[in-house]
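**Q** sequence below, structure please.
(one chain, ligands or ions: 1)
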Amino acid sequence: MSKIILGGGISGLSAAYYLSKTLPKHPVTLVEASNRVGGWIKSFKPTNEVIFEQGPRTIRPTGPPGANTLSLIEDLGLTDQVLPITASHPAASNRMVYVEGKLHSLPSSIVSLFTTQKPFTKPMVRYLMRDLYAARKRVEDESIYDFTSRRFGEEFAEYLIAPLICGVCAGDAKEVSVKFLMKKQFEYEQAYGSISKGLLRNVFQASKPEALQGLALRARKERWRIYSFGNGMETLPEALSGYITKQGIGVVLNSKCTRLEFVQNEAQLHFGESKTLKTNHVISSIPSASLGEVVKHQHPRLAELLTSIKSVNVAVVNLHYKGQLIRRPGFGFLVPPKENVPILGVIYDSCCFPRSKDTVLTVMMGGKWFEQLFGEDPSEDYLLQVARGQLHTILGIKQEPVHFKVSILQKCIPQYVVGHDEKVREIQEYIDTNKLPLSVCGASYHGVGVNDVILSAKKVVRNLSER
Ligand SMILES: Cc1cc2nc3c(=O)[nH]c(=O)nc-3n(C[C@H](O)[C@H](O)[C@H](O)COP(=O)(O)OP(=O)(O)OC[C@H]3O[C@@H](n4cnc5c(N)ncnc54)[C@H](O)[C@@H]3O)c2cc1C
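**A** Prediction:
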């Protein structure tokens with residue numbers, strides 16, 4: 001019986017890839033609701049020299065998840081297409097925040113840690129040193145805002161962490177769990193009283209890091225900070241799709257699963273009234289809320305847990321202007337929520353990856369504040385007007401774009417609010433206790449980045465093959 005992967009985003013495609021490596025002779029079918037694979041990864045080309053990324057635009061090469069993705073990229077034969085940004089590039093060294101009507105560069109060098117850089121009122125090193133004496137608070141979990149303002153001070157949380165959370169998951173740092181981005185630091189505080197003490201202990205106790213090889217080693221030597229592909233991010237899902245198809249994995253598009261039932265050791269997937277597929281194991285890579293919808297009739301408690309992981313809407317406005325309009329090259333800027341400006345941030349795509357002499361920008365809007373700012377169903381025209389208004393105010397860009405694209409991404413980024421880890425643990429426990437032939441991977445559970453979801457797929461396949 002064929003194993004079934006539900007969802008053809010990057011995590012579903014990765015699950016298919018790892019299955020083909022681990023269980024090469026095993027029949028596998030990937031089923032996707034829409035008419036394409038790739039999920040949120042979508043690169044649109046208004047001209048040959050311009051790429052509008054609708055979803056993710058860069059990947060980090062660092063850490064085991066980063067090395068894992070690079071090894072996948074190498075195996076797919078995409079090495080030559082990788083476009084890295086190294087440490088000395090302005091897009092790596094100049095990240096800004098927009099505070100009180102001005103753009104401020106964030107500290108990015110050793111020297112800058114010792115000087116006061118607005119919007120901060122002290123040198124960065126003073127915030128970091130606060131951790132040495134700040135009192136420990138014993139908690140199971142807390143918001144990343146509370147944690148960082150306790151350990152490093154309010155300004156640190158306000159101007160560094162809150163905009164960072166807007167940039168990473170379009171969320172509110174006052175709600176998002178500290179474990180989302182600072183799990184290790186939180187554990188250090190809980191175990192040793194401060195992050196610095198934990199770091200010191202770790203220096204002596206840490207096991208040797210895994211030796212890097214291939215592209216991951218090259219990335220470290222060349223000091224890559226982030227990367228994309230010459231032809232845009234969609235290169236990766238396209239290559240994965242090509243690879244799995246060659247391995248004989250069936251990819252079925254336009255098939256939305258509407259009900260998933262478990263009968264003894266078997267899973268039955270229903271696609272409307274007419275089509276049903278049976279399997280001895282389902283790997284679900286679809287958003288947890290969508291999985292909750294399809295299992296709710298038979299497993300209401302599981303559905304309740306799955307749908308309690310909420311996602312936010314994001315409006316993405318891509319714009320292409322003639323000529324060079326950016327005066328301070330950099331990655332772009334983020335806006336702390338406290339500023340009450342109706343955008344999350346702007347990415348300077350043409351600084352990151354110059355493909356011509358023109359300017360390409362992406363304005364991110366909404367997220368946690370989408371409905372509050374724009375209502376339930378804003379028009380694309382209105383969102384474009386807001387985005388252009390902010391580009392005028394902040395960057396002085398008045399001219400008409402030669403191309404633009406407005407996309408409203410519904411429920412596109414899950415929010416790992418306080419208690420998320422516990423919820424995920426309960427979901428897994430329910431699946432294990434009830435012996436459901438089901439594994440879950442993708443952005444809803446163990447990290448929202450491209451690296452995280454690829455690794456989540458790899459782990460699910462490894463667990464399955466070890467059974
Ligand atoms: C605007 C934006 C910017 C981002 N920027 C970055 C970035 O710069 N770097 C980074 O690392 N990450 C970034 N991310 C995060 C990253 O892109 C996503 O977390 C990742 O692409 C999610 O992949 P996935 O396969 O888990 O889910 P998805 O991409 O959501 O794929 C799930 C698939 O399942 C299908 N599906 C859903 N329900 C059903 C059903 N019932 N039956 C069949 N199929 C179904 C969907 O159609 C979809 O194709 C960004 C995300 C967004 C939205």
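**Q** so residue 136 makes contact with residue 190?
**A** Yes: counting by C-beta atoms under 8 Å, residue 136 does reach residue 190; the two are 7.3 Å apart. No exception for glycine: its C-beta is placed from N, CA and C like everyone else's.
**Q** domain assignment for this protein?
**A** Taking automatic domain parsing as the reference, the chain has its domains at 3-39+234-309+417-466, 105-205.
**Q** quick check, the shortest one touching the ligand?
**A** No: applying C-beta under 6 Å from any ligand atom, one finds domain 105-205 separated from the ligand by no less than 7.4 Å.
**Q** cool, and stretch 31-45?
**A** Yes: for stretch 31-45, a contact with the ligand is found by C-beta under 6 Å from any ligand atom, at 31, 32, 33, 34, 39, 40, 41.
**Q** disregarding flanking residues, what is the spatial nearest neighbour of residue 361?
**A** residue 319 (5.1 Å; C-beta to C-beta, 6 or more residues apart in numbering).
**Q** swap that for residue 329, sorry
**A** Closest to residue 329 by C-beta to C-beta, 6+ apart is residue 90, at 4.1 Å.
**Q** distance from the chain centre to the worst-scoring helix or strand of the chain on mean pLDDT, please.
**A** Ranked by mean pLDDT, DSSP states H and E, the weakest helix or strand in the chain is helix 195-205, scoring a mean of 86. The chain centroid and the centroid of helix 195-205 are separated by 28 Å under C-alpha atoms, centre = their mean, to the nearest Å.
**Q** what sits up against it?
**A** Helix 195-205 has contacts (C-beta atoms under 8 Å, 6 or more residues apart in numbering) with 131, 132, 151, 184, 185, 187, 188, 189, 191, 192.
**Q** so which of these belong to helices?
**A** Counting by DSSP state H, these place 131, 132, 151, 184, 185, 187, 188, 189, 191, 192 in helices.
**Q** circling back: closest to the ligand among the contacts of helix 195-205?
**A** Using C-beta to the nearest ligand atom, residue 184 is the member of the contacts of helix 195-205 that sits closest to the ligand, with 18.9 Å.
**Q** next one: the closest residue to the closest one other than its chain neighbours from the ligand, what distance?
**A** Among residues not flanking residue 184 along the chain, residue 198 sits closest, at 7.8 Å (C-beta to C-beta, 6+ apart). Look at residue 198 and the ligand: by C-beta to the nearest ligand atom, to the nearest Å, they are 26 Å apart.
**Q** from residue 137, how far off is residue 198?
**A** Distance, residue 198 to residue 137, using C-beta to C-beta, to the nearest Å: 15 Å.
**Q** check residue 316 too.
**A** Separation of residue 316 from residue 137 (C-beta to C-beta): 37 Å.
**Q** so those two - more neighbours on which side?
**A** residue 316 (24 against 12; other C-beta atoms under 10 Å).
**Q** and for that one, nearest residue in space, chain neighbours not counted?
**A** residue 407 (4.8 Å).
**Q** so what's the one you found up against?
**A** So, once contact is read as C-beta under 8 Å, 6+ apart, residue 407 ends up touching 54, 315, 316, 317, 318.
**Q** how does it look with 10 Å?
**A** By C-beta atoms under 10 Å, 6 or more residues apart in numbering, the residues touching residue 407 are 42, 44, 52, 54, 55, 314, 315, 316, 317, 318, 380, 383.
**Q** do residue 140 as well
**A** Shown in contact with residue 140 (C-beta under 10 Å, 6+ apart): 179, 190, 418, 419, 421, 422.
**Q** about what we covered before: quick one: secondary structure of the residue nearest to residue 316?
**A** Secondary structure, DSSP: H, G, I helix; E, B strand; the rest coil: residue 407 is strand.
**Q** could you measure from it over to residue 173?
**A** From residue 407 across to residue 173, the span is 25 Å (C-beta to C-beta).
**Q** now residue 193
**A** As judged by C-beta to C-beta, residue 193 and residue 173 stand 23 Å apart.
**Q** between those two, tell me which one has more neighbours.
**A** The residue with more neighbours, out of residue 193 and residue 173, is residue 173; 29 against 15, by other C-beta under 10 Å.
**Q** list the neighbouring strands of the host helix or strand of residue 366 plus their orientation.
**A** In this assignment (DSSP states H and E), residue 366 forms part of strand 359-367. Paired strands of strand 359-367, with direction, are strand 311-321 (antiparallel), strand 345-348 (antiparallel) (DSSP bridges).
**Q** mind checking how far that strand is from the chain centre?
**A** In terms of C-alpha atoms, centre = their mean, the centre of strand 359-367 is set 16 Å apart from its chain centre.
**Q** quick one: residues contacting the most centrally placed residue in the chain.
**A** Computing the C-alpha centroid of the chain and ranking residues by C-alpha atoms, centre = their mean puts residue 449 first, at 2.9 Å. If a contact means C-beta under 10 Å, 6+ apart, then residue 449 has 56, 58, 59, 60, 65, 66, 69, 168, 169, 443, 455 as its contacts.
**Q** again, but for residue 180
**A** Shown in contact with residue 180 (C-beta under 10 Å, 6+ apart): 143-144, 165, 168-169, 171, 173, 415-418, 420-421, 447-448.
**Q** can you pull the residues of the stretch 351-467 of the chain lying near the ligand?
**A** Near the ligand, when you scan the stretch 351-467 of the chain using C-beta under 6 Å from any ligand atom, you find 409, 412, 413, 442, 443, 448, 449, 450, 453.
**Q** possible to save those as TSV with secondary structure and distance to residue 436?
**A** Output for those, formatted as TSV (DSSP: H, G, I helix; E, B strand; the rest coil; distance: C-beta to C-beta, whole Å):
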residue	secondary structure	distance to residue 436
409	strand	30
412	strand	27
413	strand	27
442	coil	17
443	coil	21
448	coil	24
449	coil	27
450	helix	27
453	helix	21
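**Q** can I get the buried part of those as one PyMOL selection?
**A** Buried subset of those, written as a PyMOL selection, criterion 16 or more other C-beta atoms under 10 Å:
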select buried, resi 409+412+413+442+443+448+449+450+453
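**Q** any stretches of the stretch 101-250 of the chain with poor pLDDT?
**A** Counting by pLDDT under 70, the stretch 101-250 of the chain has low-confidence residues at 206-209.
**Q** pick out whichever of the residues of stretch 31-45 next to the ligand sits closest to residue 334.
**A** residue 40 (19.5 Å; C-beta to C-beta).
**Q** for the closest one, which three-state class applies?
**A** Once three-state DSSP is applied, residue 40 turns out coil.
**Q** how deep is it tucked in, by neighbour count?
**A** 20.
**Q** likewise residue 401?
**A** 22.
**Q** could you do residue 327 as well?
**A** 8.
**Q** let me see the contact set for residue 301.
**A** Shown in contact with residue 301 (C-beta under 10 Å, 6+ apart): 295, 426, 430, 434.
**Q** by neighbours, which of the residues you listed wins?
**A** Within the contacts of residue 301, residue 295 tops the neighbour count with 21 neighbours, counted by other C-beta under 10 Å.
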